[in-house]
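Peer 1: give me a model of this one.
(3 chains)
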Amino acid sequence: MSRRYWLMKTEPGEFSIDDLASRPGQIEPWDGVRNYQARNFMRDDMRIGDGVLIYHSRVEPMAVVGIAEVASEGYPDDTAWNPDCKHYDPKSTQEQPRWFLVDVRFIAKFPHPVTLRTIRHTPGLENMMLVQKGSRLSIQPLRRTEWDIIIKLGIPRKTE
DNA sequence: GCCAACGTTGGC
DNA sequence: GCCAACGTTGGC
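Peer 2: Reported below is the predicted structural model:
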């Protein structure tokens, strides 16, 4: 299977791209996801080296703010086993883990964040899951063409 | 901070 | 296995 591309949402008040960039090794387990579809992507479909766009939600401006990559295969999310954790789920056990995650490694921050508004107005991006009405999945697959367009917008090439 | 659109849960 | 009630998400 060739390299795939993903968009992962985060609320920067909880965890931002700057937090990711300042982690040891610039790597972070993407824990706390409690949605089955998103879980399935992490558990079944994501591969080391897949491209990830980091998206900041619930802030002004909402935007894709940089690039990361998938840095592990899926493995159980141990925060689901911790009663003190906000994302604790008593139905997830060591024997039968319900929730999975992948590690994500920082690659680059965009010089020009690509705002939701821009995404809405850019030809070629109209089919992104992000801009479909009612879509709120926190991990979304991207087409290669969409990845390319957003990278170009986020890291404008100097013409000289 | 509001609230519409979703997703999940659990009684029946 | 339906669906009402409840909880959550995330743009505004």
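
Peer 1: and the closest residue to DNA strand C within chain A, how far from DNA strand B?
Peer 2: In chain A, the residue that lies nearest DNA strand C is A:Arg136 (3.4 Å; CB to the nearest atom of the strand). Using the backbone N, CA and C atoms, a C-beta is placed for each residue, glycine as well. Distance of A:Arg136 to DNA strand B, computed by CB to the nearest atom of the strand, to the nearest Å: 6 Å.

Peer 1: swap in A:Lys152?
Peer 2: Here A:Lys152 is placed at a distance of 29 Å from DNA strand B (CB to the nearest atom of the strand).

Peer 1: same check, this time on A:Ile107
Peer 2: Distance, A:Ile107 to DNA strand B, using CB to the nearest atom of the strand: 29 Å.

Peer 1: that residue contacts A:Ala71, correct?
Peer 2: No: the pair A:Ile107 / A:Ala71 is not scored as a contact, 10.2 Å apart, by CB atoms under 8 Å.

Peer 1: hmm, back to that, what's around the residue of chain A closest to DNA strand C, how many residues?
Peer 2: A:Arg136 sits with 11 neighbouring residues when counted by other CB atoms under 10 Å.
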